[in-house]
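S.K.: Here is a sequence together with a model predicted from it:
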Amino acid sequence: MKKKNITIIILLIFLFGLIFNNKLMSFAYPVYKNIAKTKIENNVKNYKTAYSKHFIIKYTDSDSKYVDLIIETAEKHYYDVVNDLGYMPTDKTMIIVYPTPYKMNRDFSLVKGDDAMGIYLVGIISIQSPALWIKPGQNLKEVFEKEGPVVHEFTHLIVDDIAKGNYPVWFTEGLALLEEYRQDKYEWGEGYNYNDKPYTLKQLTDDFDTLDEMLAYKRAFQVTKAISDKYGMSTIRSILKDLGNGMNLKESFYKETGEELDSFVLSVKG
């Protein structure tokens, strides 16, 4: 079973949403993002650095043996994700490899005790060292590519760049799981069943972090996959651009499909 991948949504982003309307938020968020990104980069300025065509890897000596694998995996899926979502980052993407969960949690302000295999935040991807979660004797390359967080977190980065922070958590998580599925046919939550009816749009939007984790992520995946299946990735690309221009998700979905998002979610089988 794939370990939990968490997207951290900084409190300040929510405060922007409360104080400003969506259009002002989409303008202000990139400014905040650059400031916060610099702070995280300073936290690992003494790490070693490796470069590839599209990525910068920051790592410590203990993880030097994994750098080639991380680069290979990231570059292998780069164009697939970029083409699916219709956006290419203007700069190389930084991936920080942390040798301990403690430092990653501290640098990314993750709640104590809430470890994540990978985190996306303000333009930077962090991952736990493969040594922390891939067991001795397992096929390192196979497990890292299929179960690792690189595709998932890179999708979050693309979504965040296009939508400028203006999206519900369930939507970016669903898209990240959709990209994993499109890359290697990994289907999140397969075999897990709902105790009651599948989650509604209101539950996904208002209560995502308090719902059953496996089932919340499963429902997010099912809904985003259903959008892709019915309307195509081109519609998802258009929705992301609408979000970046300040529309909310329900408004954009209706604009692009002529269908109400609440009704669409209810129609997606669990």
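M.R.: That came through fine. Residues are numbered from 1 along each chain as shown.
S.K.: which stretches of this structure have low pLDDT?
M.R.: Scanning the chain with the threshold set as pLDDT under 70 gives 1-27, 109-115.
S.K.: Show me it divided up by domain.
M.R.: Domain assignment of the chain by automatic domain parsing yields the ranges 1-166, 167-270.
S.K.: Mean neighbour count added to those, as a markdown table?
M.R.: Yep, even glycine has a C-beta here, placed from its N, CA and C like the rest. Below are the domains of the chain laid out as a markdown table (neighbours: other C-beta atoms under 10 Å):
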| stretch | mean neighbour count |
| --- | --- |
| domain 1-166 | 17 |
| domain 167-270 | 18 |
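S.K.: Does the closest residue to residue 123 other than its chain neighbours belong to a helix, a strand or coil?
M.R.: Nearest residue to residue 123, sequence neighbours excluded (C-beta to C-beta, 6 or more residues apart in numbering): residue 37, at 4.7 Å. Under DSSP: H, G, I helix; E, B strand; the rest coil, residue 37 falls in the helix class.
S.K.: In the protein, which residue is most central in space?
M.R.: By C-alpha atoms, centre = their mean, the chain has its centre lying nearest to residue 156, at 2.9 Å.
S.K.: is it true that that one touches residue 172?
M.R.: Yes: at 5.6 Å, residue 156 counts as touching residue 172 under the criterion of C-beta atoms under 8 Å.
S.K.: which outside residues touch stretch 214-224?
M.R.: 170-171, 173-175, 177-178, 181, 187-189, 192, 194-195, 198-199, 204, 208, 236, 264-265, 268-270 (C-beta atoms under 8 Å, 6 or more residues apart in numbering).
S.K.: ok, now stretch 67-84?
M.R.: With C-beta under 8 Å, 6+ apart as the test, stretch 67-84 has contacts from 50, 52-55, 57, 59, 88, 93, 95, 97, 127, 130, 140-141, 144-145, 148, 150-151, 154-155, 158, 179, 182-183, 233.
S.K.: Strands - which of these land there?
M.R.: 50, 55, 57, 59, 93, 95, 97, 127 (DSSP state E).
S.K.: distance of the second one from residue 153?
M.R.: Translated: residue 55. Residue 55 is 12 Å from residue 153, where distance means C-beta to C-beta, to the nearest Å.
S.K.: again, but for the fourth one
M.R.: If you measure residue 59 against residue 153 using C-beta to C-beta, the figure is 16 Å.
S.K.: Over to the last one?
M.R.: Per C-beta to C-beta, residue 127 is found 7 Å from residue 153.
S.K.: Overlap of the contact sets of these two?
M.R.: Counting by C-beta under 8 Å, 6+ apart, the contacts common to residue 127 and residue 153 are 118-119.
S.K.: could you pull out the helices for the chain?
M.R.: According to DSSP state H, the chain carries its helices in the segments 11-19, 22-43, 67-85, 101-107, 140-147, 150-163, 169-184, 201-207, 213-231, 233-244, 249-257, 261-267.
S.K.: Many thanks, I have nothing further to ask.
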